[in-house]
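1. Can you look at this prediction? I've put the sequence above it.
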Amino acid sequence: MVRRYRDAPVDPAAVTRILHAAARGPSAGFAQGVRFVVVTDAGTRAAIAQLCDESRHLAQGFDAWLSVAPVHVVIGVRSDDYRDRYAEPDKRRSRGPDGWQLPWWWVDAGAALALLLLAAVDEGLAAGFLNVARPDAVRRLLAMPPDITIVGLATLGQPAPDRRSGSLARGRRPVQEVVRYERWSDHQHAT
């Protein structure tokens, strides 16, 4: 995750390829309820930065992130796409959203985000992701319909040197700690 970018434009064709990859993620019932709003206008990006409390980030001693990132991608989901899909004849016998253990649109949004992040790297770019502090305000700013729930904001651009956050001091958990084979109790190590 990158939280500082160079002041360099991103090729619009690269952004298109990144979004095409993100939009091809798996989808429960092929409902395809994930939505994206791509923002490149500097004024709109600055407004999003304000609505996402970039000032708090700056107060912690970090450089500007959102207002500098040349591309913002607001990721949202429309849960009614899933309800509508599971009401169709070929899905009526399936256990639809009302019977799911968890709302699969969140899984689909996470898969889309992962594809977006990987596609950005494939394009030689860097990316970051954050929670949108004021989603209703961002929705109004971008004229998004009220039935779209904002999942978060991805940023894209050329990375710049940045001060590392304290979270990184923790380091990653070893693979042996997070991966099990066959059964949870059979703690076999990955090789």
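-> The structure has been received and is ready for your questions.
2. any idea how far the residue most central in space within the chain is from residue 10?
-> The chain has residue 113 as the residue nearest its centroid, 3.9 Å off, counting by C-alpha atoms, centre = their mean. Going from residue 113 to residue 10 by C-beta to C-beta, to the nearest Å gives 18 Å. Bear in mind the C-beta positions are built from the backbone N, C-alpha and C, glycine included.
3. go on, residue 26?
-> Counting by C-beta to C-beta, the gap from residue 26 to residue 10 is 26 Å.
4. same thing with residue 37?
-> 16 Å.
5. and if you look at residue 125?
-> In terms of C-beta to C-beta, residue 125 sits 6 Å off from residue 10.
6. Look at those two and report which has more neighbours.
-> residue 125 (24 against 19; other C-beta atoms under 10 Å).
7. Leaving out chain neighbours, which residue sits closest to that one?
-> Using C-beta to C-beta, 6 or more residues apart in numbering and skipping the chain neighbours, the partner closest in space to residue 125 is residue 156 (5.4 Å).
8. Sheet-wise, list the partners of the helix or strand hosting that neighbour with their directions.
-> Using DSSP states H and E, residue 156 maps to strand 149-157. Looking at strand 149-157 with DSSP bridges, its partner strands are strand 71-77 (antiparallel), strand 126-130 (antiparallel).
9. In the sheet, which residues pair with residue 39? Tell me.
-> residue 72.
10. quick one: it and residue 46 touch, right?
-> No - Residue 39 is beyond contact range of residue 46, at 10.4 Å (criterion: C-beta atoms under 8 Å).
11. Look at the two and report which has more neighbours.
-> residue 39 (21 against 15).
12. Might you report the residue contacts of the more buried one?
-> 45, 48, 71, 72, 73, 74, 142 (C-beta atoms under 8 Å, 6 or more residues apart in numbering).
13. Can you check what pLDDT the model gives residue 187?
-> Looking at residue 187, its pLDDT is 57.
14. Residue 171 now?
-> pLDDT, residue 171: 79.
15. And the furthest pair within the contacts of residue 39?
-> Greatest spatial distance among these (C-beta to C-beta): 71 and 142, at 14.0 Å.
16. The two: who's more crowded?
-> More crowded of residue 71 and residue 142, by other C-beta under 10 Å: residue 71, with 23 against 17.
17. do you know how far the more buried one is from residue 177?
-> Taken as C-beta to C-beta, the span from residue 71 to residue 177 is 35 Å.
18. Likewise for residue 117?
-> 23 Å.
19. who has more neighbours, those two?
-> residue 117 (21 against 11).
20. which residue packs closest to the more buried one, ignoring adjacent ones?
-> residue 127 is the one closest to residue 117 (C-beta to C-beta, 6+ apart), at 4.9 Å.
21. So the one you found is in contact with residue 156, correct?
-> Yes - Residue 127 is within contact range of residue 156, at 5.3 Å (criterion: C-beta under 8 Å).
22. any common contacting residues for the two?
-> residue 120.
23. Looking at these two now, which is surrounded by more residues?
-> In this view residue 127 and residue 156 are compared by other C-beta under 10 Å, and residue 156 has more residues nearby, 27 against 24.
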